[in-house]
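**Student:** Predicted model follows, preceded by the sequence.
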Amino acid sequence: MKKQTLGFIGAGNMASSLIGGLISDGYPADNIFVSDVDTAKLKDLASRFGVHTFEDNKSLVERSQTVLLAVKPQILEQVAREIAGPVRQRGPLMISIAAGVRETALDHWLGGGASIVRCMPNTPALVKTGATALHANDRASAEHRSVAEAIVRAVGIAVWVEKEELLDLVTALSGSGPAYFFLFMEAMEDAATEMGMDKATARLLTQQTALGAARIAIESEDGPAELRRRVTSPGGTTEKAIEIFECGSLRSLVLDAMKAANARAAELSKQLGG
């Protein structure tokens, strides 16, 4: 893996996080290439990590065994058609982190016959606690899958889904999920403030509680229902709060919210050529 040349088309936050994670894991900066229209971003990455930079996407593809497409979904077609020639000639593994763009559409734009892995990362990858789901097309080999997984594991965990359609559900779960937790944290913070606590203290207690709960969940062999039961003493304060959440149909709200996000992800896929 570390002997492979790896090219990033796009030098945004996610590409920067992946590059930083890879280099922290010992991946040689000399084998990483980055291209972008924003020369300031390229200079920053070159300065921080010592990677090679290009303003021309074709030149990057011609030097890369694996190409990671880290551009916005709306411009992915333009980028893919631009590099179709060298992709057909060299046959690199193509990894896309563009949400909503199906493998068939990307393969068509690349001229057909490409080995493709789609990844759905989330924003905690920016602090190396990401959750990424991957799906490979039929032309991606076991080695290709291993390379793709190693790249995203540099910034968190990685899981594979067998059906590409499940990436829409991944978008609704882990892709959008951080915002759900931020909303709940915001509500807790606001409630504490309304009840008389100063905002700084309410925020600190909310943040540390969220961190602690997540760490217990990760390190425990038990599921969230059992962990919740342990904290909920009969007749206690937690039980009263949980009763309010249950009476307010919290579970139904979460289900409806995720269904809406999943449907919107599928709708956007169709709009993007999927």
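**Tutor:** Noted; the coordinates are in hand. Everything numeric in this text was worked out from a predicted model, so none of it was measured. Numbers count the residues shown, from 1 in each chain.

**Student:** Could I get the pLDDT score of the closest residue to Asp25 other than its chain neighbours?
**Tutor:** Closest residue to Asp25 apart from its sequence neighbours, by C-beta to C-beta, 6 or more residues apart in numbering: Ala154 at 5.2 Å. From N, CA and C alone the C-beta is placed, and that goes for glycine too. pLDDT for Ala154: 95.

**Student:** can you map out the helices along the stretch 151-274 of the chain?
**Tutor:** Under the criterion DSSP state H, counting those that start in this stretch, the stretch 151-274 of the chain carries helices at the ranges 166-170, 177-194, 199-219, 224-231, 237-247, 250-271.

**Student:** Same question for the stretch 1-150 of the chain.
**Tutor:** When assigned using DSSP H, counting those that start in this stretch, the helices of the stretch 1-150 of the chain occupy the ranges 13-24, 39-49, 57-63, 73-90, 103-109, 142-152.

**Student:** Find the centremost residue of the protein, please.
**Tutor:** Centroid-nearest residue in the chain: Pro121, 1.1 Å away (criterion: C-alpha atoms, centre = their mean).

**Student:** How about the contacts made by it?
**Tutor:** Met14, Ile97, Gly130, Ala131, Thr132, Val152, Val155, Gly156, Gly175 (C-beta atoms under 8 Å, 6 or more residues apart in numbering).

**Student:** if you set the cut-off to 7 Å instead, what comes out?
**Tutor:** Met14, Ile97, Gly130, Thr132, Val152 (C-beta atoms under 7 Å, 6 or more residues apart in numbering).

**Student:** I'd like those written out as JSON lines, with distance to Gly91 and neighbour count added.
**Tutor:** Converted to JSON lines, the contacts of Pro121 look like this (distance: C-beta to C-beta, whole Å; neighbours: other C-beta atoms under 10 Å):
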{"residue": "Met14", "distance to Gly91": "25", "neighbour count": "21"}
{"residue": "Ile97", "distance to Gly91": "20", "neighbour count": "27"}
{"residue": "Gly130", "distance to Gly91": "28", "neighbour count": "24"}
{"residue": "Thr132", "distance to Gly91": "24", "neighbour count": "26"}
{"residue": "Val152", "distance to Gly91": "22", "neighbour count": "27"}
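
**Student:** in this structure, what spans have low per-residue confidence?
**Tutor:** Along the chain, the parts satisfying pLDDT under 70 run over 1-2, 273-274.

**Student:** dump the residue contacts of the residue lying farthest from the centre of it.
**Tutor:** What lies farthest from the middle of the chain is Gly235; by C-alpha atoms, centre = their mean that is 40.9 Å. Residues near Gly235 by C-beta under 7 Å, 6+ apart: none.

**Student:** Please apply the same query to the one 3 residues further on.
**Tutor:** Thr238 is in contact with Val231, Thr232, counting by C-beta under 7 Å, 6+ apart.

**Student:** Next, find the distance separating it from Gly212.
**Tutor:** With the distance defined as C-beta to C-beta, to the nearest Å, Thr238 ends up 15 Å from Gly212.

**Student:** With Ala148 instead?
**Tutor:** According to C-beta to C-beta, Ala148 and Gly212 sit 33 Å apart.

**Student:** neighbour-wise, which of the two wins?
**Tutor:** The residue with more neighbours, out of Ala148 and Gly212, is Ala148; 27 against 10, by other C-beta atoms under 10 Å.

**Student:** okay but the more buried one is in contact with Ile95, surely?
**Tutor:** Yes. Between Ala148 and Ile95 there is a contact at 5.3 Å, judged by C-beta atoms under 7 Å.
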